[in-house]
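# Following is a predicted model, sequence given first.
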Amino acid sequence: MSGMSDNLSGVLESLKAIKGVHGAALIEKFGLIKGSALPGWVDPEAVAAMVTLILKASQRATKELEQGKFNNAIIESENGKILFTEIKGNVLCIITTVDAKLGIINLKLDAASKTIAAQI
């Protein structure tokens, strides 16, 4: 288990190292934090609670609108973006600056998602 935890920490830290990324976290579907690389000003427990609510709302919306299974979402705000992607019932969340390059982040996010999926 420690090996998986170390690998997960490495993946999250590599996402955080991308220019424009404040941090990343992997949240389990019931709101438990599996791992995080978040800045000090972000409360991981609050992130977990919000991510869980957003995941449930997104899953319901895609189901109600007959759009199939929820895969990912991006919330754009005045000061940044929040990206969510589902990985085997967990949610990988990335918090970015407003000028973060989504193309690069999405490439790294896809690779990180595959790595995490292979571990859980």
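Cool, the structure landed. Numbering: from 1, shown residues only.
# Please, where are all the strands along the chain?
21-28, 33-37, 72-77, 80-87, 90-97 (DSSP state E).
# where does the protein have low pLDDT?
1-4 (pLDDT under 70).
# starting at the chain centroid, how far to stretch 71-80?
Mean-position distance between stretch 71-80 and its chain equals 11 Å (CA atoms, centre = their mean, to the nearest Å).
# what do you get for stretch 36-50?
Using CA atoms, centre = their mean, the distance from the centre of stretch 36-50 to the centre of the chain it belongs to is 11 Å.
# So which bits of it are buried?
Across stretch 36-50, burial judged by 16 or more other CB atoms under 10 Å covers 36-38, 47-48. From N, CA and C alone the C-beta is placed, and that goes for glycine too.
# ok, now how distant is residue 81 from residue 5?
The gap separating residue 81 from residue 5 is 27 Å, by CB to CB, to the nearest Å.
# picking that back up, as CSV, the buried residues of stretch 36-50 with distance to residue 58 would be great.
Formatted as CSV, these follow (distance: CB to CB, whole Å):
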residue, distance to residue 58
36, 20
37, 23
38, 21
47, 16
48, 16
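# Looking at those, spot the one nearest residue 90.
residue 48 (11.0 Å; CB to CB).
# so how far is residue 65 from the residue nearest the centre of the chain?
With distances taken as CA atoms, centre = their mean, residue 93 lies nearest the centre of the chain, 1.6 Å away. Applying CB to CB, the value for residue 93 to residue 65 is 23 Å.
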